[in-house]
Every structure is written in structure tokens, then in C-alpha cells.
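S.K.: coords please:
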Amino acid sequence: MASTGFDEDGDNRGGMWVLEQKIDQPMDEEAERLKNTYREKKLSTLLLLRLAYQSLGVVYGDLGTSPLYVFYNTFPQQIDNQEDVIGALSLIIYSLTLVPLLKYVLIVLRANDNGQGGTLALYSLLCRHANIRTIPNQHHTDEELTTYSRSTIREKSFAAKTKRWLEETSYMKNIILMLALVGTCMVIGDGILTPAISVLSAVGGIKVNHADLSNGVVVLVAVVILVGLFSVQHYGTDRVGWLFAPIVLLWFLLIGGIGIFNICKYGSSVLKAFSPLYIYRYLQREGKDGWLSLGGILLSITGTEALFADLAHFPVSSVQIAFTLLVFPCLLLAYSGQAAYLMHNLDHSKDAFYRSIPDKIYWPVFVVATLAAIVASQATISATFSIIKQANAHGCFPRIKVVHTSKKFLGQIYIPDINWILMILCIAVTAGFKNQSQIGNAYGTAVVLVMLVTTLLMILIMILVWRCHWILVVVFTGLSLIVECTYFSAVLFKVDQGGWAPLAIAGAFLLIMYVWHYGSVKRYEFEMHSKVSMAWILGLGPSLGLVRVPGIGLVYTELASGVPHIFSHFITNLPAIHSVVVFVCVKYLPVYTVPEDERFLVKRIGPKNFHMFRCVARYGYKDLHKKDEDFEKKLFHNLFVFVKLESMMEGCSDSDDYSLYDEQTERSTQGLLNNNTNTAALNMDPTVSSVDSIVSVSSPLHINATIQSSGHVSSHTEVDEVEFLNNCRDAGVVHILGNTVVRARRDSRFHKKIAVDYIYAFLRKICRENSVIFNVPHESLLNVGQVFYV
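M.R.: All right, here's what the predicted structure looks like:
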């Protein structure tokens with residue numbers, strides 16, 4: 001890396017400028033780091049049980065309400081004989097064992113990204129272990145974050161070969177991205193279909209005791225509940241979340257108890273379904289009809305993806321305990337009890353759950369069932385908000401308003417625009433289909449596609465992250481694909497019976513997400529290719545060829561290195577520029593969060609008398625730009641600390657006969673650090689001068705402690721520059737944002753013109769502006785118009 005130094009007057013102190021782009025490389029290694037990477041802390045047994053109890057309301061509501069509609073969708077017509085019931089129950093038992101228990105609880109939950117789950121969390125984990133991100137604004141310094149945890153790979157291992165293959169083939173990067181986006185879109189579809197089928201199935205039980213009620217009344221009641229549910233989303237779940245766990249716990253105890261009651265009342269012969277032999281007999285006897293009934297059996301494992309997607313607030317062990325000790329046994333009892341009832345009432349398949357309830361507790365169970373359906377719906381809606389926020393952070397969704405609804409939990413958010421879109425689509429599905437069968441077909445299609453995406457991503461996780469033996473990878477892949485492809489083949493036959501709905505919804509969202517990502521990548525590539533040469537900037541001199549007026553100009557750019565084209569466009573058309581210019585880059589990394597102490601990286605561009613800086617603000621996909629967060633104040637705080645630390649390093653150099661260019665610099669630096677064991681760890685690049693220095697700053701206490709322990713006092717240069725920066729800030733701060741219009745080149749293909757000139761342009765018009773996202777006050781905002789031809 002090119003290096004040079006300047007004294008207080010700006011003269012050359014021992015090096016020459018190398019007029020290349022290398023003079024403005026991306027940020028070098030941070031000067032200070034936290035040492036506490038994410039680890040699941042050892043918890044006491046009592047605390048684990050408490051967390052397992054709390055996880056019921058967030059994680060298991062969807063899976064727990066499946067008994068409301070599974071047998072109805074498995075046998076939409078009358079059941080032929082008792083053996084069919086045994087065969088269907090056997091399929092349910094082994095589906096619950098293979099998918100939720102073995103695949104998700106024991107394996108997939110371990111693939112969390114620092115406690116975060118979902119398809120995009122898997123994608124982020126893969127991005128950290130292989131360079132497969134399609135937006136190339138990352139740098140090796142990002143890998144030094146404490147939350148950027150990843151393991152090393154042996155050079156000649158199969159994992160290393162797989163990593164190189166993925167990194168060297170651009171189409172594989174796009175395929176993996178598309179897989180993650182498909183999984184995300186299906187989860188969004190789940191957020192639409194789960195409230196529809198859960199609430200409609202729960203409310204439908206009222207017809208058991210009031211057979212004269214029309215189906216239209218049931219649909220109307222379900223729609224009213226759904227409107228109420230979506231209307232209160234802006235309050236968040238923090239205020240009522242304490243009710244979720246007891247409701248779901250009571251629900252599981254009720255369905256488990258009712259199952260035991262029915263097994264005792266109608267006979268235990270139903271328990272022979274635990275033999276997988278009855279699966280073979282059932283499919284052999286029923287043929288195609290048995291194969292198609294798998295679409296209904298699939299609904300018994302809906303909600304399994306929520307085990308992973310809603311993982312954020314609970315340790316993995318607590319979720320595993322809740323499933324193995326309560327959820328799994330109660331579900332087995334519930335389905336076995338319904339099967340025992342159906343064996344003696346073959347014509348009651350449409351409302352088997354409610355008819356199997358003892359009369360004395362019918363209404364209490366009906367109320368709890370409705371509440372459990374609402375809880376299950378709430379969990380999937382919240383998961384939809386979270387995953388859209390993740391997609392936005394990965395550059396795959398338009399900028400939207402995100403409201404933080406809880407002071408305690410980072411992941412509890414509300415997205416108004418998405419909420420109303422979900423409500424309209426959910427009501428349309430409920431009122432349009434009007435019955436559980438067609439909604440069940442749609443629901444099954446969404447669920448099985450999410451599971452297939454998870455399996456494909458997990459294969460890469462096992463190879464690159466866990467580096468499992470190939471036999472384990474083959475066994476996991478084989479078992480997962482056999483089960484899920486079997487179910488997928490069954491739901492394909494029901495595309496015309498409602499299965500088209502999630503495909504249409506997912507297709508629309510996938511188009512939006514991919515076009516936005518494509519447009520963002522092309523825009524970034526244009527900025528990279530058109531950035532200004534440092535040689536040109538340095539040739540302008542300290543005044544940049546303009547009048548330097550008092551104040552600070554914050555120039556926002558997506559570039560983490562180089563001077564953006566917007567700056568040259570600005571100074572070419574205006575005769576003045578601010579005394580201090582700070583290029584601000586806000587970028588998201590494939591990590592769940594960036595600690596506050598590591599968020600800002602500050603760097604000087606050019607000599608000191610140019611008064612130009614770069615500040616990179618790094619965020620994770622769970623981090624939020626909150627309205628009460630004073631971004632500007634934090635930026636200046638880090639800028640001032642950088643100036644002090646930079647001067648301190650120069651002071652060390654001057655007093656200790658220390659040169660940043662000396663061949664012994666590294667040893668001198670290490671000696672300096674070793675003599676100050678109480679100071680912050682300064683992992684500075686020894687070849688970097690004050691002109692090209694970079695530091696990740698923490699608190700002023702660290703800086704003061706470092707200065708005191710090293711015996712150096714602040715230089716006049718430091719005081720003068722800090723005072724100069726303060727005066728400039730008092731004179732006024734202007735936020736300069738690019739108001740760019742992206743157009744496809746004339747020689748572009750037709751589909752590219754449609755994507756860029758129409759779809760991407762439309763999305764940019766309706767999305768929120770950057771000034772709103774960054775909370776920039778209108779009175780200090782300056783937009784610079786440009787046209788990018790990509």
C-alpha cells in the first residue's frame with residue numbers, strides 16, 4: 001500500500017506521492033476491537049426451562065395449530081376404511097420425526113448465524129466463509145469484526161475446493177442468491193397463508209354446534225379477526241407477548257389431553273401406526289389417491305420453518321427442550337387421538353378436531369383454539385417483517401420504513417407498508433378460497449419449497465462451515481431430499497386447486513427483489529468505474545480549485561474507497577465547497593449486528609490541509625437506523641477521536657525517533673504497545689502514515705488513557721485541528737446526497753431495458769428516500785442530480 005507523510009505545514013516528510021488509486025485504498029485494519037464473539041452462554045437448568053416455556057409463544061404457535069386442519073386436507077372426501085386412517089397417521093408420525101425433530105431441531109438449528117435463523121441467515125453465514133456476495137463493497141477489514149465469526153479452511157480440503165469453485169463461477173453466486181431469495185419469498189407467502197388457514201380453521205369450529213350457520217358467516221368472522229390482527233401490529237408484540245406462552249402452553253396441554261381421552265375412549269389399536277409398514281400398505285392400496293393425500297399430510301409439519309426463522313430471541317438448547325419435552329409428544333397424542341376418533345366416525349374427517357372434543361369443554365377449547373391461531377399468525381407476521389428487513393440489508397429489497405417496537409428486543413420491528421400488503425393479500429386469500437382445502441394446498445406448496453431451499457443451503461453449510469465428512473453430507477442430503485421431493489411431487493398435482501397462490505405471490509416478490517438487487521449492483525458498478533482519480537484530486541491543491549467556505553459537507557456514497565463521481569460533478573458545477581469534506585459510506589455486512597464500538601471507521605484522504613475524510617458506517621442485517629439515533633453526532637464524535645488518536649501516534653513517532661516509513665516500524669510499534677499494557681490495542685498498519693491512516697474508534701476514555709500512559713500530551717496540531725473542526729461544525733453541516741436516475745444503455749437488450757427503465761425506476765420512485773432513512777433534516781439537505789447509464 002502506498003504511504004506518505006506530511007508535517008504540520010503540509011511538506012513532504014520523507015515519502016513521495018504515488019499518484020495511483022492505491023493511494024486511497026479501502027479501510028485498513030481496525031485499531032481497536034472487542035474480544036467477545038458470540039457464544040451461547042452456559043445457562044442453568046431452571047433458566048433453560050424458563051426460556052423453553054417462553055419460546056412456545058414465539059416459535060411453536062404455527063406448528064401447534066396444524067391439528068386443526070390436517071385430516072380435513074388429507075381426506076377432503078369421505079374415508080373409505082379404517083386402514084386409511086392408520087396409514088395417514090403413520091405418515092404424520094414419521095413426517096414429524098424426520099423433518100421437525102431430526103432435521104430441524106437436531107441439525108438445522110445448529111446452523112444459526114450468531115443466534116439468528118432463516119434462509120438469509122444461512123446465506124450470510126455462507127457469504128462469510130466464501131466470497132459469494134454479488135455486491136462487491138466488502139473489504140478484508142470487515143472480516144476483523146468480532147461478530148464476523150468464521151473458521152479457517154485447509155488449503156487442499158474438499159471445502160477449499162468447493163469454496164474456490166463457488167468464488168470463481170459467477171453463475172453459482174447468482175444461483176445461491178436466487179435460492180435465498182426464493183426461500184425468503186416463500187416465507188413471505190407463509191406470512192400470508194398462515195393467518196388465513198389458522199384463523200379460518202379455528203373459527204370454522206363454530207359450525208359444529210351451529211350447523212345452520214353458512215360458510216359465508218364463518219369467512220366474515222375470520223376476515224374481521226384478521227383485520228383486527230393486522231391493525232394492531234404497530235403496537236408490537238412487546239406489550240402482549242407475555243400472553244403468548246401461556247396460551248400456547250395451554251393449547252398443547254389441551255390437544256395432548258384430548259388425544260389421550262380419545263385413545264382411551266375409542267381404543268389403542270391406533271398406536272400400531274407407529275409401524276412404518278402401514279405407510280407402505282397405505283400407498284400401495286390407494287395408489288395415486290394416496291400419493292395426492294400427501295399434500296394434506298404435509299400440513300402436519302407446517303410451522304417447522306418457524307423453528308429456524310424465529311430463533312433470534314432464544315438459545316438453541318431452549319428451543320430443542322421445548323420441542324422434545326412438550327411439543328412433539330403433545331402433537332403425537334393429538335393426531336393419534338383424532339385418528340382413534342375417525343376410525344369409529346369415518347364421515348367426520350372435515351371437522352375431526354372439533355367433533356373429537358368432549359362436549360363439556362367444547363367452548364373453552366374453541367376459545368383457546370382461536371387465541372392459539374392468532375398467536376400463530378402473529379409469529380409468522382413478525383417473522384415476515386424480520387426477513388424483509390434482512391433482505392433490505394442485503395440489497396435485495398427497496399428501502400422501506402422500519403419501526404422499532406421494543407426497547408428490549410432488537411428484532412421486534414414493524415413495517416407499515418408490508419403490513420397492509422399482507423393484510424390485503426390475506427383477506428383476498430381467505431375470502432377468495434373460502435375453505436381450508438384450497439388454502440391448505442397453497443400453504444403446503446409454500447412450506448415444502450422453503451424446506452427444499454433450506455436443505456440445499458444446508459449442504460453448503462455442512463461442507464464449508466462445519467466441514468463434515470462426505471458420508472454425513474450424503475446421508476443428510478439423501479434423507480432430506482427423498483422426503484421433501486416426495487411431498488413436492490404431491491403438491492405439484494394441486495397447483496390448479498390453490499397451489500398456484502403462493503407461486504404467484506412468491507413470483508411477484510421475487511421479481512421485485514431480484515430487479516432491485518440487479519439495479520443496485522449495476523449502479524454500484526457504474527460508481528466504481530466512474531470514481532475520481534486521486535491524482536486529479538491532489539492536482540487541484542488544498543483548495544480543490546474552489547472557494548472553501550466555512551462548514552462541513554457530508555457527501556454520501558456507496559463506495560468504501562475512492563472519491564465518488566458525485567463529488568466531481570458537484571465541484572464542476574458549483575464554485576465553492578465546504579472547508580471540511582467527509583465522504584460517508586453506509587454499508588451492510590453479512591453479520592447479524594455490528595457492535596457500536598466497531599461501527600465507524602474513519603480515514604483521512606490526502607494531506608491534512610485538504611481537510612478531507614472518509615467515514616464508513618457498518619451495520620448488520622438486524623441493525624436499525626432509529627429516529628432517536630443521532631447519526632450525525634456519532635459520526636463527528638468518531639471523527640474527533642480519530643484526529644486525536646492520529647496526532648497521538650505522530651507524537652509517539654516524533655519523541656521516540658519513530659518513523660512510519662522506517663523498516664523497523666513494526667518492531668517499534670510492537671514495543672510501544674507492549675510498554676502500555678493498560679491501553680487500547682492499536683493494530684495500526686505500520687506502513688500507513690497520517691495521510692492514509694485509519695482507525696476504528698471507541699470511547700474518549702480509551703484515548704485519554706492511552707495518551708496518559710504513553711506520557712505524550714496533545715500537540716498544537718491536534719488542538720488546532722479539533723478546534724477547526726468544531727468551528728466548521730458550528731458554521732453548519734450540509735448533507736449532500738446523490739439524486740441519481742438509472743437508465744439502461746441504448747445498446748442494452750430488451751429485458752434489461754424493461755428491468756432498469758421501468759421496474760427498477762418505478763421501485764425507486766415509490767421507495768423511501770435515503771434522506772429519510774438517514775434522518776437527514778430537510779433544511780440541511782442538498783441533492784445532486786445525475787444520470788447513470790448502466
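
S.K.: contact partners for the nearest residue to Ser157 once chain neighbours are set aside?
M.R.: In space, and not counting its chain neighbours, Ser157 is closest to Arg467: 6.9 Å by Cβ to Cβ, 6 or more residues apart in numbering. (Glycine included, C-beta is placed from N, CA and C.) Residues in contact with Arg467 (Cβ atoms under 8 Å, 6 or more residues apart in numbering) are 151, 153, 157, 159.

S.K.: then Gly205?
M.R.: Residues in contact with Gly205 (Cβ under 8 Å, 6+ apart) are 68, 351, 353-354, 366, 369.

S.K.: list the buried residues in the helix or strand where Ala339 lies.
M.R.: Per DSSP states H and E, Ala339 falls inside helix 328-344. Using 16 or more other Cβ atoms under 10 Å as the test for burial, helix 328-344 gives 328, 330-343.

S.K.: try stretch 103-123
M.R.: For stretch 103-123, by 16+ other Cβ under 10 Å, it's 103-105, 107-109, 111-123.

S.K.: rebuild the contacts of Gly205 as CSV, extending it with secondary structure and neighbour count.
M.R.: What follows is the contacts of Gly205, written out as CSV (DSSP: H, G, I helix; E, B strand; the rest coil; neighbours: other Cβ atoms under 10 Å):
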residue, secondary structure, neighbour count
Leu68, helix, 28
Asp351, helix, 18
Phe353, helix, 26
Tyr354, helix, 21
Phe366, helix, 18
Ala369, helix, 25
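
S.K.: which of those lies closest to Gly228?
M.R.: Taking Cβ to Cβ as the measure, Gly228 sits nearest to Ala369 out of these, at 16.8 Å.

S.K.: separation between the nearest residue to the closest one once chain neighbours are set aside and Val365?
M.R.: Of all residues not flanking Ala369 in the chain, Ala202 sits nearest, at 4.6 Å (Cβ to Cβ, 6+ apart). Noted for Ala202: a distance of 10 Å to Val365, by Cβ to Cβ, to the nearest Å.

S.K.: looking at these two, which has the bigger crowd around it?
M.R.: The neighbour comparison of Ala202 against Val365 (other Cβ atoms under 10 Å) goes to Ala202, with 27 against 21.

S.K.: how close does the more buried one sit to Val368?
M.R.: Taking Cβ to Cβ, one finds Ala202 at 9 Å from Val368.

S.K.: over to Val270?
M.R.: Val270 is 24 Å from Val368, by Cβ to Cβ.

S.K.: ok, those two, which is more surrounded?
M.R.: Neighbour totals were compared for Val270 and Val368, and Val270 leads with 23 against 19 (other Cβ under 10 Å).

S.K.: any idea which helix or strand carries Ala322?
M.R.: Assigned by DSSP H and E, Ala322 falls in helix 316-322.

S.K.: only alpha carbons, please: show that helix as PDB.
M.R.: What follows is helix 316-322 as a C-alpha-only set of coordinates in PDB (Å, rounded to 0.1, in the frame of the first residue of the first chain):
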ATOM      1  CA  VAL A 316     -30.900 -23.200  20.600                       C
ATOM      2  CA  SER A 317     -31.000 -25.500  23.600                       C
ATOM      3  CA  SER A 318     -34.200 -24.000  25.000                       C
ATOM      4  CA  VAL A 319     -36.000 -24.400  21.600                       C
ATOM      5  CA  GLN A 320     -34.800 -28.000  21.500                       C
ATOM      6  CA  ILE A 321     -36.000 -28.700  25.000                       C
ATOM      7  CA  ALA A 322     -39.500 -27.200  24.300                       C
END
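
S.K.: show me what that helix is in contact with.
M.R.: 40, 43, 48-49, 51-56, 59-60, 105-106, 109-110, 112, 115, 307, 311.

S.K.: point out the ones among those that are inside strands.
M.R.: Among the contacts of helix 316-322, no member falls in strands (criterion: DSSP state E).

S.K.: is Val784 in a helix, a strand, or coil?
M.R.: With DSSP: H, G, I helix; E, B strand; the rest coil as the basis, Val784 sits in strand.

S.K.: ok, it touching His735?
M.R.: No: contact criterion Cβ atoms under 8 Å: Val784 and His735 do not qualify, at 11.0 Å.

S.K.: tell me what the helix or strand harbouring Cys426 is packed against?
M.R.: Cys426 belongs to helix 416-433 when assigned by DSSP H and E. Packing partners of helix 416-433 (3 or more Cβ pairs under 8 Å, 6 or more residues apart in numbering; DSSP states H and E): helix 170-203, helix 215-231, helix 362-393, helix 436-460, helix 500-529.

S.K.: what's the spacing between that helix and its chain's center?
M.R.: Chain-centre distance of helix 416-433: 23 Å, with Cα atoms, centre = their mean, to the nearest Å.

S.K.: what sits up against that helix?
M.R.: Contact with helix 416-433 is made by 191-193, 195-196, 199-200, 219, 222-223, 226-227, 230-231, 233-234, 381, 384-385, 388, 400-401, 403, 439, 442, 498, 501, 505, as judged by Cβ under 8 Å, 6+ apart.

S.K.: separate out the buried members of those.
M.R.: 191-193, 195-196, 199-200, 219, 222-223, 226, 230, 233, 381, 384-385, 388, 400, 403, 439, 442, 498, 501, 505.

S.K.: and the gap between Ile773 and Leu544?
M.R.: 29 Å.

S.K.: actually Met343, not the one I wrote
M.R.: Met343 sits 85 Å away from Leu544, going by Cβ to Cβ.

S.K.: about what we covered before: for the contacts of helix 316-322, which ChimeraX command selects only the ones that are buried?
M.R.: Buried residues among the contacts of helix 316-322 (16+ other Cβ under 10 Å), as a ChimeraX selection:
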select :48,51,52,53,54,55,56,59,60,105,109,112,115,307,311
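
S.K.: low-scoring stretches of this protein, by residue?
M.R.: Residues of the chain meeting the criterion pLDDT under 70: 1-42, 136-137, 237-241, 313, 407-411, 625-629, 650-719.

S.K.: could you point out the longest strand in it?
M.R.: Longest strand in the chain by number of residues, with DSSP E as the criterion: strand 576-588.

S.K.: now do the next helix or strand after that strand against strand 576-588, angle only.
M.R.: As assigned by DSSP H and E, the chain's next helix or strand after strand 576-588 is strand 600-605. Here strand 600-605 runs at an angle of 140 degrees relative to strand 576-588 (axes from the mean of the first three to the mean of the last three Cα atoms, to 10 degrees).

S.K.: centre of the chain to strand 600-605, how far?
M.R.: With Cα atoms, centre = their mean as the basis, strand 600-605 stands 27 Å off its chain's centre.

S.K.: identify the residues contacting the next helix or strand along the chain from that strand?
M.R.: Later in the chain than strand 600-605, the nearest helix or strand by DSSP H and E is strand 612-619. Residues outside strand 612-619 that contact it (Cβ under 8 Å, 6+ apart): 27, 142, 145, 393, 537, 560, 580-589, 593-594, 598-606, 625, 631, 635, 638-639, 642.

S.K.: report the angle between strand 612-619 and strand 600-605.
M.R.: Here strand 612-619 runs at an angle of 160 degrees relative to strand 600-605 (the same axes, to 10 degrees).

S.K.: that older thread, so Val784 and His735 - more neighbours on which side?
M.R.: Just comparing Val784 and His735: by other Cβ under 10 Å the higher neighbour count belongs to His735, 22 against 18.
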